[in-house]
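Asks: Structure for the following, please:
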Amino acid sequence: MPKTTLSIPFNNSYANLPSHFFAKVLPTPVKKPELILFNHSLATELGIEFKSDSQAELEAELAQVFSGNSIPQGAEPLAMAYSGHQFGHLNPQLGDGRAILLGEVLIQKQQQPNQQQRFDIQLKGSGRTPFSRGGDGRSPIGPVIREYLVCEAMHALGVSTTRALAAVSSGEPVYRQGVEPGAVFTRVAKSHIRVGTFQFFSLRNDKKAVTLLADHVLQRHYSDIDNRNPERYLEMFRAICRRQAKLICQWMNVGFVHGVMNTDNMLVSGEGIDYGPCAFLESYHPETVFSSIDRQGRYAYGNQAAMAQWNLSRLAECLLFLFDSDEKVAIEKAKTVLDEFAEFYLDNHHLSNSRKLGFNQATSKELVDDILHWLTLNKLDYTLFWHRLGKHLESMSADALLQEFSITDVQQKDDFSAWFTRWQKALDTGNCRSTARVTMQQSNPVFIPRNHRVVEAIEAAEENNFQPLKRLLKALETPYLEQESLADLMLPAKDSERVTRTFCGT
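Replies: Just a heads-up that it's a prediction; the model follows:
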């Protein structure tokens, strides 16, 4: 493999766990790697340094490293073992079939100089592993572009998420339903430990491995829990549940539908991961599904909290023996925490919706429920409606907004006007009017990666045109600010552009 002058401060910990936690494997080199995108600001945060003399040399070197053709010093490439419930059906043997963890970096936390944070750097589409299950280990360019866009959009929106470090074209075809250009994606996460990772060892009744993994997670993600606390594993589970509740609230707040909320796609760090057949709402409806493989609506927009709780129940099953030696007592402890998850989620979700209406504290649940019901009946664009509502905050009249969305039904106009009056009165009663505009601006994005724009960027990239991709990324960097030159990216799809089904693409 070519040598590299790229310096990544690897400090690996997962590679020090027993060998049955993973398979050590090198990426399979690609023929002609070319850099599509590189996240320089994230690289700086991770302590990555470059020594190339020119931009062309730097891009060539980045392409070599982040295609897997060149392994930086200190990397310990491995594919992680895990299991998973996929659409409710248990698959005991999954693992990284097309992903390879290069290693981890340990850096100082931003604004907390006395604390450190560990991050994984992982290649996706980097070739076969022992977990490939007959697959080729590669990725078409489409899923790489989609994941890069959604990762960085989520980060800018304030959602806890994995990040995108690089996208590299491979110069090789990938064969799916047809022939597609290949690419490799570099993902950054606080870790890639999943609910399914615990399931892998629990299914094999390997309590020693489950305990070792739990101790690793405690040290890595929940170091504030006292290691001498006899209830530390239950407290870890409680903390994981709270992070997941916050994450789902964030998804709901921006109208995001994950599409494949399997247990192997839930990280114990509380970050969103695996943005395959995902999408953002346009016409608001809780039963909205985009994933082509979710035929029963299991992971519909409105089901995401329930599905997160279901996944967490599977995690609890793996950890019961650590909660208490008496299984009945352990089950009751787990049930208590899972009930807390539901309460914590509902409270936070209501607060998020209240903030979308300009309130800094939870407002009337009826006020929130009524406007969501009205949105459902009128099939309005979720993102655009909230943004426009904030623009009309000071008008003291519902008429302008009704005209903007072409609402002509007399009953629907009357219902909204009555609600609008109640909303205005509630703002005054709660002394929120002076801060409402700022609160709404901070809670209601202008730009999201709309489905048709993502498809547009992918189709252009397949023809080696990356301008639509870069333009969309520019808008998504500041999703809460209007940009006149990018105003067209705010708008919903026309009927002829609408994308109603998304695909995994693996």
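Asks: Reduced to three states, what does the nearest residue to Asn229 once chain neighbours are set aside come out as?
Replies: The shortest distance from Asn229 to any residue other than its chain neighbours is 6.5 Å, reached at Glu235 (CB to CB, 6 or more residues apart in numbering). No exception for glycine: its C-beta is placed from N, CA and C like everyone else's. Three states are possible here, and by DSSP: H, G, I helix; E, B strand; the rest coil the one that applies to Glu235 is helix.
Asks: Glu235 contacts Arg228, doesn't it?
Replies: No - in this structure Glu235 lies outside contact range of Arg228 using CB atoms under 8 Å: 11.8 Å.
Asks: Chain neighbours aside, what residue packs nearest to Met216?
Replies: No Met there; residue 216 is His. Of all residues beyond its chain neighbours, the one nearest His216 is Leu17 (6.6 Å), with distances taken as CB to CB, 6+ apart.
Asks: any weak-confidence spans in the stretch 301-450 of the chain?
Replies: Counting by pLDDT under 70, the stretch 301-450 of the chain contains no low-confidence range.
Asks: any idea where the helices of it begin and end?
Replies: 304-323, 327-356, 365-378, 382-391, 399-404, 410-429, 433-443 (DSSP state H, counting those that start in this stretch).
Asks: what's in contact with the last one?
Replies: Residues outside helix 433-443 that contact it (CB atoms under 8 Å, 6 or more residues apart in numbering): 253, 352, 355-360, 386, 389-390, 393-394, 427, 432, 480.
Asks: ChimeraX command for the buried members of these?
Replies: Selection command for ChimeraX covering only the buried members of the contacts of helix 433-443, criterion 16 or more other CB atoms under 10 Å:
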select :253,352,355,356,357,358,359,386,389,390,393,427,432
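Asks: mind listing what the residue nearest to Asn229 touches?
Replies: Contact partners of Glu235, counting by CB under 8 Å, 6+ apart, are Tyr222, Ile225, Asn229.
Asks: Next, find the distance separating the first one from His192.
Replies: Meaning Tyr222. Distance, Tyr222 to His192, using CB to CB, to the nearest Å: 17 Å.
Asks: start to end distance for stretch 257-267?
Replies: 17 Å (CA to CA, to the nearest Å).
Asks: hmm, back to that, now the contacts of Glu235: which count as buried?
Replies: By neighbour count, with 16+ other CB under 10 Å, those hold Tyr222, Ile225 as buried.
Asks: Burial check on Gln483, number of neighbours?
Replies: A count of neighbours around Gln483, defined by other CB atoms under 10 Å, yields 14.
Asks: Check Arg138 too.
Replies: So Arg138, with other CB under 10 Å, has 25 neighbours.
Asks: And for the one 10 residues further on?
Replies: By other CB under 10 Å, the residues close to Tyr148 number 26.
Asks: cool, and the one 5 residues further on?
Replies: Neighbour count of Ala153, defined by other CB under 10 Å: 27.
Asks: Find the residue closest to the residue nearest the centre of the chain in space, skipping its chain neighbours.
Replies: Nearest residue to the geometric centre of the chain (CA atoms, centre = their mean): Gly272, 2.8 Å. The shortest distance from Gly272 to any residue that is not its chain neighbour, by CB to CB, 6+ apart, is 4.4 Å, and that residue is Thr161.
Asks: Name all residues that make contact with the one you found.
Replies: Here Thr161 is in contact with Cys151, Met154, His155, Glu271, Gly272, Ile273 (criterion: CB under 8 Å, 6+ apart).
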